[in-house]
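In: give me the fold of what follows.
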Amino acid sequence: MNKQTIRDVEVTGRRVLVRVDFNVPLDDGRITDDRRIREALPTITELRRRGARVILASHFGRPEGKVVEDLRLDPVAQRLSELLGVPVAKLADCVGPDVQRAVAQMHNGDVVLLENLRFHPEEEANDPAFARALASLADLYVNDAFGTAHRAHASTVGIARFLPAVAGLLMEKELIYLSRALEDPRRPFVAILGGKKVSDKIGVIRNLLTKADALLIGGAMSYTFLRATGLSVGKSLTEDDKLDLARSLLEDAAKRRVTFRLPDDVVVADRFAEDATARVVSAKAIPAGWMGMDIGPQTSAAYAAVIAGAGTVMWNGPMGVFEFRPFSAGTRAVAEAMAKSKAVTIVGGGDSAAAVQQMGLADRMTHISTGGGASLEFLEGKELPGVAALLDR
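Out: Next up is the predicted model:
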């Protein structure tokens, strides 16, 4: 980790603007999963302990640059206040004279939460004047929002032109675990990739073929690979324009002697529905008119055996349509195998993280990333704009 963190700077009595990722799921005004808020607590608590005046900034949902009442951050401020055990004032905006006045009245250890950054179209446009207005609230900028580090927005990149910028403790943790997996993993290094599209993971697969010892493929993307090997996949979701690419990735894996496992058996359904008729078939015998919905039990057991022998396991993307109970067994098998493993286990954000949470296995993983898109871009070997903007050590 070659970036400065809050440990490297003086914060006592200083106004510190912390970019957090409080984009939590909400149902009828109630937060259904507060993990992203809890993950930010170490940074907030450490800054308070050292006498900083903590100004938190986050986006929430997709208001498209307009004020949307249902996307105000009041429920987040309330939950954060409960977790910290101190009042957290939620301000009515994120820039402007009223915000300046509220910040001027803060004392050491106080915490305020600015209103949703994306109520302003200038945030996603990385507008310099908006970035300057945010910067004018503080003496120091901290980025603790790994989940938005792949976005060049005013609050992730623009602001760093006007203030000294360092990483928070969550950002540091994310970069340490993901970098170590790519640069110096405990071997064998096994990468498990699922999800819908090969096209979403091309860069990741290419990069991992130069780093990993084995790739285990599941999810809808596996049917594009199976079809590329000449098999019939029925009505399974495939990307027909990516078949040549899939073949070239399989050839690259063979050349590099990287194990590239595709499902041996799959759970198929006669339609895309939770109550569909389902059966287990060989991956070589998917019936016409049926679609693959999950990896089968034989594949689950084979993947679990590979995970059991691994030194590092990185997982991104579910093995099937895990939100439908009859098609969640493959995803559960991978999660349980990782939970039992003695390996360093890293779960990419997004659906894999949601699945692990849902199954009650989160505390048995070494690290669960808070960033779906950001962790994917990092695994591709891309430099993340929000990380590049931070001061080097």
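
In: and the helices in the stretch 251-393 of the chain, which stretches?
Out: 297-308, 329-340, 350-358, 372-379, 385-388 (DSSP state H, counting those that start in this stretch).

In: check which residues of the last one are buried.
Out: Within helix 385-388, the residues that count as buried by 16 or more other CB atoms under 10 Å are Pro385, Gly386, Val387. C-beta coordinates here come from the backbone N, C-alpha and C atoms, glycine included.

In: what residues of stretch 335-349 count as buried?
Out: In stretch 335-349, residues buried by neighbour count (16+ other CB under 10 Å) are 335-339, 341, 343-349.

In: do stretch 183-202 as well
Out: Quick answer for stretch 183-202 (16+ other CB under 10 Å): 185, 188-198, 200-201.

In: can you check stretch 61-73 too?
Out: Buried-residue list, stretch 61-73, by 16+ other CB under 10 Å: Pro63, Leu71, Arg72, Leu73.

In: closest one of those residues to Val86?
Out: Leu73 (16.8 Å; CB to CB).

In: in the stretch 151-300 of the chain, which spans are strands?
Out: Here the stretch 151-300 of the chain has its strands, by DSSP state E, counting those that start in this stretch, at 165-167, 189-193, 214-217, 259-261, 265-269, 278-282, 291-295.

In: which among those strands is found nearest to Gly309?
Out: Comparing the strands of the stretch 151-300 of the chain by CB to CB, strand 189-193 comes nearest, at 8.4 Å.

In: quick revisit: and the buried residues of helix 385-388 as TSV, adding distance to Ala246 and pLDDT?
Out: Listed next are those as TSV, based on distance: CB to CB, whole Å; pLDDT from 0 to 100:
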residue	distance to Ala246	pLDDT
Pro385	30	97
Gly386	32	97
Val387	31	97
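
In: which of the strands of the stretch 151-300 of the chain sits closest to Leu178?
Out: strand 189-193 (12.1 Å).

In: so the closest one versus helix 329-340, what angle?
Out: 150 degrees (axes from the mean of the first three to the mean of the last three CA atoms, to 10 degrees).

In: contacts made by strand 189-193 with the rest, please.
Out: Outside strand 189-193, the residues that touch it by CB atoms under 8 Å, 6 or more residues apart in numbering are 181, 201, 204-205, 208, 211-219, 221, 303, 306-307, 310-317, 334, 343.

In: list only buried entries from those.
Out: 181, 201, 204-205, 208, 211-219, 221, 303, 306-307, 310, 312-317, 334, 343.

In: the domain parsing of this structure - what is it?
Out: As given by automatic domain parsing, the domain ranges for the chain are 6-170, 177-379.

In: how close does Leu237 sit to Ser222?
Out: 10 Å (CB to CB, to the nearest Å).

In: if we can go back for a sec, I'd like the domains of the chain as CSV, with distance to Leu391 and mean pLDDT appended.
Out: Converted to CSV, these look like this (distance: least, CB to CB, whole Å; pLDDT from 0 to 100):
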stretch, distance to Leu391, mean pLDDT
domain 6-170, 6, 97
domain 177-379, 17, 95
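
In: quick one: which of these is nearest Asp392?
Out: domain 6-170 (10.3 Å).

In: now do the end-to-end distance for that closest one.
Out: End-to-end span of domain 6-170 (CA to CA, to the nearest Å): 11 Å.

In: pull the distance from it to the chain's centre.
Out: Computed by CA atoms, centre = their mean, to the nearest Å, the separation of domain 6-170 from the middle of its chain amounts to 19 Å.

In: repeat for stretch 168-175
Out: With CA atoms, centre = their mean, you get 13 Å for stretch 168-175.

In: ok, and what's touching that stretch?
Out: By CB under 8 Å, 6+ apart, the surrounding residues in contact with stretch 168-175 are 1, 3, 5-6, 18, 20, 39-40, 42-43, 46, 142-146, 149, 167, 367, 369-371, 375, 387.

In: just the buried residues from those residues, in PyMOL please.
Out: Here the buried members of those are turned into a PyMOL selection, burial being counted by 16+ other CB under 10 Å:
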select buried, resi 3+5+6+18+20+39+40+42+43+46+142+143+144+145+146+149+167+367+369+370+371+375+387
